[in-house]
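Enquirer: just to be clear, the model below is a prediction. Sequence and coordinates:
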Amino acid sequence: MAKYIHSMIRVLDEARSVEFYRRAFGFQVADRMDFPDFTLIYLSNAEAEAELELTVNKGRAQPYDLGDGYGHIAVSVDDVDALHARLTAEGLTPRKLVDFAPAGEVVARFFFIADPDGYQIEVLQRGGRFK
């Protein structure tokens, strides 16, 4: 049986990205591996074992083209309303809160926010399917 351990995204500015994920979600640097052409930064917090790997390719100056294949990563939180309010107050510009109720019953309450490189992050109210 396989165990999910991390996802990787490429970012331009290590400090800017690490600070965003720290402020937004409480992620801290769990490990950092520096190589001649790139650096790997593993972010995590006490809520989950899985990590987010940031890859910084040295010498890269142009933003990455996220293309039309990337969707989003997702995190769940105990109080989506409080986090949305805090991120808004901090100027991190989360999108509007959504109650997703395709058949009249709320299945999920969430919002999206983009990181400094444009990666979309879905933030879901913890509960039910979204533990």
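Expert: On my side now, so go ahead.

Enquirer: what's around Glu14, how many residues?
Expert: 15 (other CB atoms under 10 Å). Placement of C-beta: from N, CA and C, glycine included.

Enquirer: could you pull out the helices for this structure?
Expert: Here the chain has its helices, by DSSP state H, at 14-25, 80-89.

Enquirer: domain parsing for this protein?
Expert: Partitioning the chain according to automatic domain parsing yields domains covering residues 1-58, 71-131.

Enquirer: same list, the ones you listed, but as JSON lines with mean pLDDT and distance to Tyr64 please.
Expert: Below are the domains of the chain laid out as JSON lines (pLDDT from 0 to 100; distance: least, CB to CB, whole Å):
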{"stretch": "domain 1-58", "mean pLDDT": "96", "distance to Tyr64": "5"}
{"stretch": "domain 71-131", "mean pLDDT": "95", "distance to Tyr64": "6"}
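
Enquirer: redo those domains as JSON lines? Include distance to Asp65.
Expert: Written out in JSON lines, the entries for those read as follows (distance: least, CB to CB, whole Å):
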{"stretch": "domain 1-58", "distance to Asp65": "10"}
{"stretch": "domain 71-131", "distance to Asp65": "10"}
